[in-house]
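>>> quick one, fold the following:
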Amino acid sequence: MNLNFGFDIEKSIEEVFDMQKKLVRTMGYMLEMSDVKETEVDATPKDLVYTEDKMKLYHYKPVIKNPCSTPVLIVYALVNKQYVVDIQQDRSMVKKMLEMGLDVYIIDWGYPTQEDKYLTMDDYIDRYINNSVNYILEENGIDEINLLGICQGGTFSTIYSTLYPEKIKNLITMVTPIDFSTNDALLFRWGKHLNIDKMVDAYGILPGNMMNVSFNMLKPFQLTVDKYVGVLEHIDSKEKMKNFMHMEKWIYDSPDQAGETLRQFVKDLYQDNKLIKGELEINGKIVNLDNLDMPLLNVYAEYDHLVPPAASKPLNDLVASEDTTTYSFPVGHIGMFVSSKSQKEITPKITDWILEHSE
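Numbering: from 1, shown residues only. Below you'll find the predicted structure:
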């Protein structure tokens with residue numbers, strides 16, 4: 001009696017043995033990677049030039065003789081670490097910018113603890129960012145810098161630039177939420193109904209792993225199942241497994257969040273959309289987008305599930321600047337920084353714009 005039900009038994013056995021061999025090779029790769037992760041991630045040479053509380057300001061070592069005379073300060077979000085822009089040398093946004101002639105600084109927000117639970121957006125924007133900008137201005141003997149903000153860091157950078165427009169030569173925003181009225185992404189729908197007061201009152205400092213679970217729930221199948229099934233296709237490729245492990249390390253390197261800052265961000269922006277309405281206050285000062293008279297480059301990702309285009313695109317129409325540019329790219333939120341398109345097209349195009357507007 002033929003009981004194989006149409007299956008090729010020999011081929012199935014061969015595939016099982018082949019997968020076992022791949023798994024054995026992969027275990028070897030992963031053991032090797034435990035020694036190289038610290039030397040390959042966040043590896044572009046840089047100097048620590050300024051610290052304040054847990055915030056650190058780094059200056060990347062220029063790689064050309066005469067880099068752009070107007071430095072770039074990169075401000076990343078609070079919810080993940082800034083080294084995604086330098087995830088590894090063949091996919092480093094920062095390295096590409098340096099090679100093309102930019103002079104780059106970056107803020108590392110550190111890892112908040114319970115003593116930081118009362119920090120607010122006032123502290124992050126009007127103290128930490130402002131003091132970092134002042135350091136760069138004084139150190140270089142200049143009056144203006146280029147400010148490049150990413151995601152939540154782009155929102156902070158936009159707010160900062162309205163308060164101190166005289167210090168900003170060019171403002172560059174990447175995948176930045178500005179108009180929180182949209183419901184195009186699940187995160188924006190959640191934010192409008194989130195009882196943030198109970199969460200902050202209960203925790204003080206919101207655990208980073210809890211934030212990560214929330215982000216995974218935005219696309220549960222793709223972010224918790226599909227990507228691990230997909231990696232099996234490349235499980236015997238040392239290079240692709242290294243790329244995968246570097247990204248996993250970054251994704252789960254999630255700092256805890258200062259509760260009062262998160263409360264302010266959710267209530268004033270996600271729920272009340274005060275930035276667009278001209279009602280947001282930082283240190284008692286009204287944030288007026290009409291103060292943005294410097295050249296503006298607004299960059300968004302067309303397939304962004306965290307910051308939908310509808311949240312980013314309105315910025316250009318809300319500022320006073322007569323020199324505004326929008327770039328859109330067919331990538332997702334993280335693909336903006338680590339994809340092959342980032343190296344070949346996105347970062348070069350952004351860098352060219354900065355150089356053109358800086359000299």
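
>>> list the buried ones in stretch 48-66?
Y50, K54, M55, K56, L57, Y58, H59, Y60, P62 (16 or more other Cβ atoms under 10 Å). Placement of C-beta: from N, CA and C, glycine included.

>>> how about the CA coordinates for that stretch, as PDB?
Extracted C-alpha coordinates of stretch 48-66, given in PDB (Å, rounded to 0.1, in the frame of the first residue of the first chain):
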ATOM      1  CA  LEU A  48      33.100  62.200  23.700                       C
ATOM      2  CA  VAL A  49      33.200  66.000  23.900                       C
ATOM      3  CA  TYR A  50      30.400  67.000  26.300                       C
ATOM      4  CA  THR A  51      28.300  65.300  29.000                       C
ATOM      5  CA  GLU A  52      25.400  66.400  31.100                       C
ATOM      6  CA  ASP A  53      23.700  64.000  33.500                       C
ATOM      7  CA  LYS A  54      23.200  60.900  31.400                       C
ATOM      8  CA  MET A  55      23.300  62.700  28.100                       C
ATOM      9  CA  LYS A  56      26.500  62.400  26.000                       C
ATOM     10  CA  LEU A  57      27.600  64.400  23.000                       C
ATOM     11  CA  TYR A  58      30.000  62.700  20.500                       C
ATOM     12  CA  HIS A  59      32.000  64.200  17.700                       C
ATOM     13  CA  TYR A  60      32.800  61.900  14.800                       C
ATOM     14  CA  LYS A  61      36.400  62.100  13.500                       C
ATOM     15  CA  PRO A  62      36.300  63.800  10.100                       C
ATOM     16  CA  VAL A  63      37.600  61.600   7.300                       C
ATOM     17  CA  ILE A  64      38.400  64.300   4.700                       C
ATOM     18  CA  LYS A  65      40.900  67.200   5.100                       C
ATOM     19  CA  ASN A  66      38.400  70.100   4.900                       C
END
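
>>> pick the one among the buried residues of stretch 48-66 closest to P112.
K54 (6.5 Å; Cβ to Cβ).

>>> now do the contacts for the closest residue to that closest one other than its chain neighbours.
Leaving aside its sequence neighbours, K54 sits nearest to G110 (Cβ to Cβ, 6 or more residues apart in numbering; 3.2 Å). Going by Cβ atoms under 8 Å, 6 or more residues apart in numbering, G110 touches D53, K54, M55, K56, P255.

>>> any stretches of the chain with poor pLDDT?
For the chain, residues meeting the criterion pLDDT under 70 lie at 1-8, 12-39, 211-241, 243-246.

>>> that one: strands as residue ranges?
Under the criterion DSSP state E, strands of the chain are mapped to 46-52, 55-60, 72-75, 104-108, 145-150, 168-174, 205-206, 257-258, 281-282, 285-286, 296-301, 324-329.

>>> ok, which of those strands comes nearest D126?
That would be strand 281-282 among those, by Cβ to Cβ, at 5.5 Å.

>>> wait, isn't L315 in contact with L296?
Yes: using Cβ atoms under 8 Å, L315 is in contact with L296, at 7.2 Å.

>>> between those two, what contacts are shared?
T173.

>>> before we move on, the earlier item: adding distance to S339, write the strands of the chain out as TSV.
Below are the strands of the chain laid out as TSV (distance: least, Cβ to Cβ, whole Å):
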stretch	distance to S339
strand 46-52	23
strand 55-60	21
strand 72-75	18
strand 104-108	20
strand 145-150	15
strand 168-174	13
strand 205-206	29
strand 257-258	27
strand 281-282	34
strand 285-286	38
strand 296-301	10
strand 324-329	9
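
>>> quick check: which of these is nearest to H357?
strand 168-174 (4.9 Å).

>>> against which helices or strands is the closest one packed?
Secondary-structure packing of strand 168-174 (3 or more Cβ pairs under 8 Å, 6 or more residues apart in numbering; DSSP states H and E): strand 145-150, helix 152-163, strand 296-301, helix 347-358.

>>> what about 10 Å?
Identification of packing neighbours for strand 168-174 by 3 or more Cβ pairs under 10 Å, 6 or more residues apart in numbering; DSSP states H and E yields strand 72-75, strand 145-150, helix 152-163, strand 296-301, strand 324-329, helix 347-358.

>>> of these, which is nearest N209?
helix 152-163 (18.3 Å).

>>> now the angle from the closest one to strand 296-301?
With axes from the mean of the first three to the mean of the last three Cα atoms, to 10 degrees defining the directions, helix 152-163 sits at 160 degrees from strand 296-301.

>>> between the helices and strands packed on strand 168-174, which one is nearest to D116?
Of all the helices and strands packed on strand 168-174, helix 152-163 sits nearest to D116, with 16.1 Å by Cβ to Cβ.

>>> residues in contact with the closest residue to D122 other than its chain neighbours?
Leaving aside its sequence neighbours, D122 sits nearest to N283 (Cβ to Cβ, 6+ apart; 4.7 Å). Contact analysis of N283 by Cβ atoms under 10 Å, 6 or more residues apart in numbering lists T120, M121, D122, D123, I125, D126, R127, N130, L163.

>>> what of A258?
Counting by Cβ under 10 Å, 6+ apart, A258 touches 54, 78, 109, 112-121, 123-124, 200, 204-206, 264-265.
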